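Trainee: how would this look folded up:
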Amino acid sequence: MVRSGSEGLEARARPLPAGVSRFRHFAAVDWSGAAGERPARTAGALRGAGGEAPRLVHPGRRWSRGEVLGWLLGELPDRTLVGLDLGMSLPFADKGAFFPDWGESPADARGLWALIDRLCEGDDHLAATGFVDHPELSRFFRRHGGREGDRFGADGVPGGRGRFRVTEHAQRHAGCNPYSNFNLVGAAQVGKSSLTGMRVLHRLGEALPVWPVDPLLVDGSAAVEIYTSLAAIAAGRRAGRTKLRTIAELNAALAAFGSRPVRGHGPIDDHRSDALLTAAWLRVTAHRPEYWRPAEMTPPIAATEGWTFGAL
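Mentor: As a prediction, the model looks like this:
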């Protein structure tokens, strides 16, 4: 059972429509867990339900995580499906707990979000240092400086790639190369962005349901977890070469989704191209019921680990 304030959402939920085409706007946020107030890699893009090109949201702004939270709470157009490029939870199904043998391990994703936000209340800019430095919880993480906790490895074996959620196994089957959210080291790691993002998910409260931890309502906006490589692969990019670094590459990928091209030419940084392409991808996939009902996403997995939209 999903706890921590989702009962109101449960009461308002109705059966999922056969094709979820009620959304009018589609947004994607390329998230960053980097230190500091305004991480360089955070970008947001938005597009409507038609074929127009996606556009960057506040393109001249170097977003803080607090500003993204404010945008989600107060500036989203009505009936927006917004994808957040972060892991919404930690592995649970493999061990039956987020933190096995720790008496305070939360029972579900919302409990995890609340715990992270509470332990990090002294961290500026919605960082997550207080969580990963906790004397018990640090045992589960791989951190910089060769600091690998004795509980990081899967199956009790030290080292390796760490523990994975069920949805991350589905990502791998789709051609992606996911990293464990317990790994905080390396250019491709997503642990930092995921943990800082969970603080934001907690602060959304009931204002913006987060699927599938929360039920998908028949009206209003909703947030989902995205993996931008899934959008690039769907547009015809090869696995391992999903980053778009020129306007020409971006427009070729947008055309695969029936989108008009964006203006300009020359280079573009990949966090902006990721957001633009994924906003267009969400528009053409949101109506497909199979994306909302992955075969391996059981109710307990939805409540604890969540899921990546588009991973089947």
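
Trainee: switch to C-alpha atoms for all contacts and neighbour counts from now on
Mentor: Will do.

Trainee: residue contacts, residue 232?
Mentor: Listed by CA atoms under 8 Å, 6 or more residues apart in numbering, the contact set of residue 232 reads 242, 243, 253, 277, 278.

Trainee: residue 160 too?
Mentor: Taking CA under 8 Å, 6+ apart, one finds 153, 154 in contact with residue 160.

Trainee: part of a strand, is it?
Mentor: No - counting by DSSP: H, G, I helix; E, B strand; the rest coil, residue 160 is not found in a strand; it is coil.

Trainee: low-confidence stretches in the stretch 101-250 of the chain?
Mentor: Scanning the stretch 101-250 of the chain with the threshold set as pLDDT under 70 gives 156.

Trainee: can you give me the helices for it?
Mentor: 109-119, 129-132, 166-173, 191-204, 228-234, 247-255 (DSSP state H, counting those that start in this stretch).

Trainee: for residue 78, find the nearest of these.
Mentor: helix 191-204 (16.0 Å; CA to CA).

Trainee: just how off-centre is the closest one within its chain?
Mentor: 9 Å (CA atoms, centre = their mean, to the nearest Å).

Trainee: name the helices or strands packed onto it?
Mentor: helix 65-74, helix 109-119 (3 or more CA pairs under 8 Å, 6 or more residues apart in numbering; DSSP states H and E).

Trainee: return the residues in contact with residue 43.
Mentor: By CA under 8 Å, 6+ apart, the neighbours of residue 43 are 29, 30, 31, 56, 57, 59, 62, 63, 271, 272, 275.

Trainee: the fourth one: neighbouring residues, count only.
Mentor: Okay, so that is residue 56. By other CA atoms under 10 Å, the residues close to residue 56 number 19.

Trainee: let's see the pLDDT reported for the residue nearest to it when sequence neighbours are not counted.
Mentor: Distances taken as CA to CA, 6 or more residues apart in numbering place residue 45 nearest to residue 56, at 4.2 Å, with adjacent residues excluded. Here the pLDDT value assigned to residue 45 is 94.

Trainee: residue 306 touches residue 109, doesn't it?
Mentor: Yes - judged on CA atoms under 8 Å, residue 306 makes contact with residue 109 at a distance of 7.4 Å.

Trainee: residues shared between the contacts of the two?
Mentor: Common neighbours of residue 306 and residue 109 (CA under 8 Å, 6+ apart) are 88, 89, 213.

Trainee: could you dump the contacts of residue 43 into a markdown table with distance to residue 154 added?
Mentor: What follows is the contacts of residue 43, written out as a markdown table (distance: CA to CA, whole Å):
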| residue | distance to residue 154 |
| --- | --- |
| 29 | 30 |
| 30 | 28 |
| 31 | 27 |
| 56 | 39 |
| 57 | 40 |
| 59 | 41 |
| 62 | 37 |
| 63 | 35 |
| 271 | 31 |
| 272 | 34 |
| 275 | 32 |
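
Trainee: in strands, which of the residues you listed appear?
Mentor: Members of the contacts of residue 43 lying in strands (criterion: DSSP state E): 29, 30, 56.
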